[in-house]
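Novice: no FASTA, just this:
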């Protein structure tokens, strides 16, 4: 069988204030296309369908539409679990009806132990859970940490193993030794919330969700799919996509299929002048989400507005080497600056940014304006 | 066919801070029992399933469980619409899958015009909508008010009428001439948001939601079911329940089936002394939600705490005739009172509530306490 493994859609997520609806919809469309082209027998969604436990209505409408499209229109089976960003309770809405069309969405630990029986494979869908849920399920107070809980879960799953079939696990956790980015919610407290890799050893493939990079974990039998969209600058160099999992092969064979963003997320380090000079360079993707690090040290007037004219999606703006204190303060101490008159400060500032002195006419206007400001200040 | 008509469950609603979960679950259980006893062919839920557009997780879990119980366990068809308290978008989750088991939940105006075809009846499920939605659906800017919108809706429905069948409408609106209570959200702005009764004339029965009293509207062919639970003191005298709608009869016959609350909502007008005297009277339902109006005029120390010992579910406490100013102020003006020393005020207050003067020992303790309070006040 061929299964498509994706996860961490985080529908509703924003990137430094930018709405990602179009990116997320487009990535979904590509996932649907890959599923059709590869003629997969189903899709695995390994948790974090939503970005928030309480998604906005627009996000709810989007996810409802996506699941309907894949399952009811395309007739694709779906094997999904809730992640730590989802509300298991809200995501459970409708699930008892979904099974009739092979949409399995597990949101409660108790559902993890009954595998979905595919012709050649047993598929265990284990939703994200807290150790307390395992404590309750196994009625055992000694279960305090995730490693203990997960060991019990796997042991129980193995009692249901059919040795004539392959065994796939879908789960949403931090697996020990994985590498993280800025966009994942940290689940590890003192290392106690990590799943040890040896607990995954008895599965032919573990389709993981939680970490947003496809290479976060390099095991022969376990992978994070990564998110279909880049959610932070720390993911700038990542390749996004999905895994195609082929259970006809032994060991199970996985192939990566890329997703191309509408607008990429990139980090640029350059001088202001060089950046502005790219304005007419059509080989530069000005529409990308960019983190800009300027190599300049001097102040640049109105720098963000001027850069945004060329790069409309600036997510961060920083300086590689900070500011030049000589340029910034004219060599004066802040004590000296504080003693200057408003008119002198204005003149200095103008000279610094405009590279010329105020004209006598400008000086006259400035003085009049300062006088009026002083007067109205006294009246108030 | 026999259909059970209910509405306005408002799952998640509170009564003056009191949680109504048990009341709502119990009323649901009674509705389920009535449906079974009457062997109905389906349930109509005429909107406001939830109390809020953004229900809490506990409410979501409760509604999911209720719909699952009725539809998947009891195999009862459900004909439901969203009300003004529901989020149509959130309530729509799962609905494309629900139809397979005869759970119809319409949340969008566009769904109103395709009737559910029952053997002898066409059932039109018209969700609550704003005039703007009708404007968009009919692509007609002249639709400004609900009466205009509803006329267009009914006209369009009638083009789908099968004259060999009866015609039922499920809707959630304020119908002109209905009587309201305190617990409904007012939809009427200058009378423009009311549906005129003549627009309902062509239906054999209109199963309404929105108003919480079953007798809010008295038409031969249209009824509010009312809420299954009392949501305000203004509903104290209402009888709660559901309608059983029999489409085999012409005209359609409706019969009311009562729901008995665990704890009723009652208004009591009485003197404090008489109320306290009922403490051991087992014929008085002390556990009810009560609005108490005291006929006393004098101040009663610690009145709420003392009443709550006997009536734990007091929702409001008032005075029938206000306070007696003579008793309250000892005949003194507030100016005179303000000039009294703290010790005199304390003595007066004690005498008023305890009906005796401070003993010399009490006076000594009070003076010492006041002295300490003064000293610490000066230090602060």
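Specialist: Ah, there it is. From a predicted model like this one, the values you see are computed outputs, not experimental measurements. Residues are numbered from 1 along each chain as shown, chains lettered A, B, ... in the order given.

Novice: all helices for chain A, in order.
Specialist: A:21-37, A:57-68, A:88-91, A:95-98, A:131-138, A:146-158, A:272-276, A:303-310, A:325-329, A:334-338, A:342-354, A:360-379 (DSSP state H).

Novice: out of those, flag the one nearest residue B:313.
Specialist: Closest to residue B:313 of the helices of chain A is helix A:88-91 (Cβ to Cβ; 28.3 Å). From N, CA and C alone the C-beta is placed, and that goes for glycine too.

Novice: run through who's touching the closest one.
Specialist: Applying Cβ atoms under 8 Å, 6 or more residues apart in numbering or on different chains, the contact partners of helix A:88-91 are A:49-50, A:53-55, A:82, A:105, A:107-108, A:127-128, B:57-58, B:60-61.

Novice: filter the residues you listed to the buried ones?
Specialist: With burial judged by 16 or more other Cβ atoms under 10 Å in any protein chain shown, the buried subset of the contacts of helix A:88-91 is A:49, A:50, A:55, A:82, A:105, A:107, A:127, A:128, B:60, B:61.

Novice: got the contact list for the closest residue to residue A:16 other than its chain neighbours?
Specialist: Of all residues not flanking residue A:16 in the chain, residue A:315 sits nearest, at 4.0 Å (Cβ to Cβ, 6 or more residues apart in numbering or on different chains). Residues in contact with residue A:315 (Cβ under 8 Å, 6+ apart) are A:15, A:16, A:18, A:233, A:265, A:289, A:290, A:291.

Novice: just the ones of those residues in strands?
Specialist: With strands taken from DSSP state E, the overlap with the contacts of residue A:315 comprises A:15, A:18, A:265, A:289, A:290, A:291.

Novice: is the third one in contact with residue A:287, as I believe?
Specialist: If I follow you right, that is residue A:265. No. Applying Cβ atoms under 8 Å, one finds residue A:265 not in contact with residue A:287, separated by 11.6 Å.

Novice: pick out whichever of the two has more residues nearby.
Specialist: Ranked by neighbour count (other Cβ atoms under 10 Å in any protein chain shown), residue A:265 and residue A:287 place residue A:265 first, with 25 against 12.

Novice: can you name the residues bridging to the more buried one?
Specialist: Beta-bridge partners for residue A:265, by DSSP bridges, are residue A:289.

Novice: low-confidence stretches in the stretch 151-300 of chain A?
Specialist: Within the stretch 151-300 of chain A, the stretches with pLDDT under 70 are A:186-192.

Novice: the same query, at a cut-off of 90, please.
Specialist: Scanning the stretch 151-300 of chain A for pLDDT under 90 picks out A:176-194, A:218, A:297-300.

Novice: quick one: pLDDT of the closest residue to chain B within the stretch 101-250 of chain A?
Specialist: Closest contact between the stretch 101-250 of chain A and chain B, by Cβ to the nearest Cβ, is at residue A:101 (6.5 Å). Here, the pLDDT recorded for residue A:101 equals 98.

Novice: please name the nearest non-neighbouring residue to it.
Specialist: Nearest residue to residue A:101, sequence neighbours excluded (Cβ to Cβ, 6+ apart): residue A:71, at 5.5 Å.

Novice: how about the residues of the stretch 251-380 of chain A near chain B?
Specialist: Residues of the stretch 251-380 of chain A lying close to chain B by Cβ under 8 Å from any Cβ of the partner chain: none are found.

Novice: residue in the stretch 251-380 of chain A nearest to chain B?
Specialist: residue A:262 (25.1 Å).

Novice: count the residues that sit near the closest residue to that residue other than its chain neighbours.
Specialist: Of all residues not flanking residue A:262 in the chain, residue A:26 sits nearest, at 5.2 Å (Cβ to Cβ, 6+ apart). Close neighbours of residue A:26, defined as other Cβ under 10 Å, add up to 18.

Novice: and chain A, what are its domains?
Specialist: For chain A, automatic domain parsing gives the domain ranges A:2-258, A:265-319, A:335-379.

Novice: which ones are touching the residue in the stretch 51-200 of chain A that chain B sits nearest to?
Specialist: Closest contact between the stretch 51-200 of chain A and chain B, by Cβ to the nearest Cβ, is at residue A:94 (2.2 Å). For residue A:94, the contact set (Cβ under 8 Å, 6+ apart) comprises B:64, B:93, B:94, B:95, B:97, B:98.

Novice: rewinding a little: PyMOL command to pick out the buried ones of the contacts of residue A:315?
Specialist: Buried residues within those, by 16+ other Cβ under 10 Å, are selected in PyMOL with:
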select buried, chain A and resi 15+233+265+289+290+291
